[in-house]
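A.B. asks: curious how this folds, go ahead:
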Amino acid sequence: QNSMVLSAAIFITLIGLIIYLHFVKIDQESLLVIGSLGIQVTSSYASGKESTTFIEMGHVKDVVINEAIHMQKVIYYLCILLQDPEDPQGVSEVVPLFQSSKPRLDCLIEVYKSCQEILEQRKTAPQSS
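C.D. replies: Residues are numbered from 1 along each chain as shown. Okay, here's the model as predicted:
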């Protein structure tokens, strides 16, 4: 009887670990910004699985560094502001980036500056029809 309970507990623990590694534990996050196309966000899980999200540049209003207070500590994170289709001045959604890796502020500033350069080039480039 005890060995059955122990075997079941070990089996459930292993299944839980596999699910955690496959769906929860993010190993690496990357951001690719192409001014003429859009922004690609890729998350690589510990199991090797990858999840990719693509946001068209026409939907991007801005990229900002946001701050939040968590457990008596200020944390900073990079966000993409998506343009509201009904109100060009409004924001329809805020997409946070690097939620698992939580890079330091100085790293976020470097990524932010690069994103802003690309966004500025897109705004100043002549629009072809």
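A.B. asks: lowest average confidence, helix or strand, in the chain?
C.D. replies: In the chain, no helix or strand scores lower on mean pLDDT, DSSP states H and E than helix 2-23, which sits at a mean of 86.
A.B. asks: which residues touch that helix?
C.D. replies: Tyr45, Ala46, Ser47, Lys49 (Cβ atoms under 8 Å, 6 or more residues apart in numbering). Backbone N, C-alpha and C define where each C-beta goes, glycine included.
A.B. asks: what is the nearest of these to Cys115?
C.D. replies: Tyr45 (24.4 Å; Cβ to Cβ).
A.B. asks: does the closest one really touch Lys25, like I thought?
C.D. replies: Yes. At 6.1 Å, Tyr45 counts as touching Lys25 under the criterion of Cβ atoms under 8 Å.
A.B. asks: now, of the contacts of helix 2-23, which are buried?
C.D. replies: Burial by neighbour count, judged by 16 or more other Cβ atoms under 10 Å, picks out Tyr45 from the contacts of helix 2-23.
A.B. asks: for the most centrally placed residue in the chain, what are its contacts?
C.D. replies: By Cα atoms, centre = their mean, the mean C-alpha position of the chain lies nearest to Leu97, the distance being 2.9 Å. Leu97 makes contact with Glu29, Leu31, Val41, Tyr77, Leu78, Cys79, Ile80, according to Cβ under 8 Å, 6+ apart.
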